[in-house]
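Asks: Provide a 3D model corresponding to the input given below.
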Amino acid sequence: MKILKKVSVLGTEYRIIEDNCNNDPLLQNSFGYTDYTSKKIVITDFQKEEIEIEDVAKYRKQVIRHE
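Replies: Numbering: from 1, shown residues only. Predicted coordinates:
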């Protein structure tokens, strides 16, 4: 688990965390999720996951924005 940064969403501070599906089972079926109870946004570690996307950096930003 790696904390990337903290962001403010409508005045509420959330931590953006990067992890993999071995450590976080909720990432097994998605590239990211938001936990409103603990105020965290979790995205997959795109470096360790096998995905078929050419522009990983762009897709990673899209996942963060979506969550």
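
Asks: contact partners of stretch 38-48?
Replies: Residues outside stretch 38-48 that contact it (Cβ atoms under 8 Å, 6 or more residues apart in numbering) are 2, 7, 12-21, 24, 26-27, 30-35, 56, 59-60, 63-64, 67. Yep, even glycine has a C-beta here, placed from its N, CA and C like the rest.

Asks: out of the residues you listed, which sit inside strands?
Replies: Under the assignment DSSP state E, the contacts of stretch 38-48 contribute 2, 7, 12-19, 32-35 to strands.

Asks: report the buried members of those residues.
Replies: 14, 16, 17, 18, 19, 32, 33 (16 or more other Cβ atoms under 10 Å).

Asks: turn the ones in strands among the contacts of stretch 38-48 into CSV, including pLDDT and distance to residue 44.
Replies: Rendered in CSV, the data for these read as follows (pLDDT from 0 to 100; distance: Cβ to Cβ, whole Å):
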residue, pLDDT, distance to residue 44
2, 82, 11
7, 92, 18
12, 94, 23
13, 95, 22
14, 95, 17
15, 95, 16
16, 94, 12
17, 93, 10
18, 92, 7
19, 91, 7
32, 92, 6
33, 95, 10
34, 95, 14
35, 94, 15
